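> How does the following fold in three dimensions:
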Amino acid sequence: MSSLFVRRAIAWIVGMALGFVVSWLIITFFLPAVSPDPNAEAVSIAKYGRMYFLVTMVPLGLMFMTILDYFLDAKIWPN
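Presented below is the predicted three-dimensional model:
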């Protein structure tokens, strides 16, 4: 395997993993914190909706992947 493939794989895997974690933190902790209901509970992925979670996670993952692409010089996005 080439070094470029490894850098690209790291950028994709770490970017999507960070997108998952940040999305989970947002729906679990941020949404109840900004809710007008003082007794708001944590929101699970099942309650939030799998499709909504994916629509939240993928753009965040792509933002992290873009940052990692720049720093790892993986050349995923064209210049």
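
> Could you list the low-pLDDT ranges of this protein?
Residue ranges of the chain with pLDDT under 70: none are present.

> one more time with 80, if that's ok
Applying pLDDT under 80 to the chain flags residues 79.

> Okay, helices next: where are they in it?
3-25, 31-34, 45-48, 50-72 (DSSP state H).

> Buried ones in the first one, by neighbour count?
If you call a residue buried by 16 or more other C-beta atoms under 10 Å, then helix 3-25 has these buried ones: 7-8, 11-12, 15-16, 18-20, 22-24. Bear in mind the C-beta positions are built from the backbone N, C-alpha and C, glycine included.

> how about those residues, which pair is most distant?
Farthest pair in the buried residues of helix 3-25 (C-beta to C-beta) is Arg7 and Trp24. Separation: 26.0 Å.

> If you drop the residues flanking it in sequence, what lies closest to Phe20?
Computed as C-beta to C-beta, 6 or more residues apart in numbering, the closest residue to Phe20 that is not its neighbour in sequence is Met57, at 5.5 Å.

> what residues are up against that neighbour?
Going by C-beta atoms under 8 Å, 6 or more residues apart in numbering, Met57 touches 16, 19-20, 23.

> What distance do you get for the spatially most central residue of the chain to Asp73?
The residue lying closest to the centre of the chain (C-alpha atoms, centre = their mean) is Gly19, at 0.9 Å. Distance of Gly19 to Asp73, given as C-beta to C-beta, to the nearest Å: 21 Å.
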